[in-house]
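Asker: take a look and give me a structure for this.
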Amino acid sequence: MAWIFLFVAGLLEVGWAVGLKYTEGFTRPLPTALTLLSMVGSMGLLGLAAKTLPIGTAYGVWVGIGAVGAAIFGIVLFGESATPARLFFLVLMVVAIVGLKATGG
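Answerer: This next block holds a predicted model:
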């Protein structure tokens, strides 16, 4: 169950990272509320996952999911660059996340 909590926490981290762009400096009420809700949910689920998973593994996977997801959404939604080098390093991050999952907890 901890891995499910951690995966959902990572998805919520993507949500709040992308949501920050839509808050326009926390001046838009609905995007701000959704972003803050995602932050709380993400941290809460990370905390639940960390009760049973090693913190280094849990935090590393959480950050990795958030970073990869935010980068992908940045490319898709905001037209950020998708150079071969950037995509290569995103793939490396996914490999690292899978490696942490495979070796920890």
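
Asker: tell me the buried residues in the host helix or strand of residue 91?
Answerer: Assigned by DSSP states H and E, residue 91 belongs to helix 84-103. By neighbour count on 16 or more other C-beta atoms under 10 Å, the buried set for helix 84-103 is 90, 97, 100, 101. In this view, the C-beta of every residue, glycine as well, is placed from N, C-alpha and C.

Asker: just the closest of those to residue 38, please.
Answerer: Nearest to residue 38, judged by C-beta to C-beta, of those is residue 97 at 19.6 Å.

Asker: for the closest one, which non-adjacent residue is spatially closest?
Answerer: Closest residue to residue 97 apart from its sequence neighbours, by C-beta to C-beta, 6 or more residues apart in numbering: residue 64 at 4.0 Å.

Asker: which other helices and strands contact the helix holding residue 91?
Answerer: helix 55-78 (3 or more C-beta pairs under 8 Å, 6 or more residues apart in numbering; DSSP states H and E).

Asker: buried sites along the helix it packs on?
Answerer: Buried, per 16+ other C-beta under 10 Å, within helix 55-78: 57-62, 64-74.

Asker: OK, contacts around residue 51?
Answerer: For residue 51, the contact set (C-beta atoms under 8 Å, 6 or more residues apart in numbering) comprises residue 2.

Asker: so which residue is smack in the middle of this protein?
Answerer: Centroid check for the chain by C-alpha atoms, centre = their mean gives residue 66 as the closest residue, at 1.6 Å.

Asker: for the closest residue to that residue other than its chain neighbours, give its distance to residue 69.
Answerer: Excluding the flanking residues, the one nearest residue 66 by C-beta to C-beta, 6+ apart is residue 13, at 3.4 Å. Here residue 13 is placed at a distance of 7 Å from residue 69 (C-beta to C-beta, to the nearest Å).

Asker: so residue 45 makes contact with residue 8?
Answerer: Yes - the pair formed by residue 45 and residue 8 meets the contact definition of C-beta atoms under 8 Å, at 5.5 Å.
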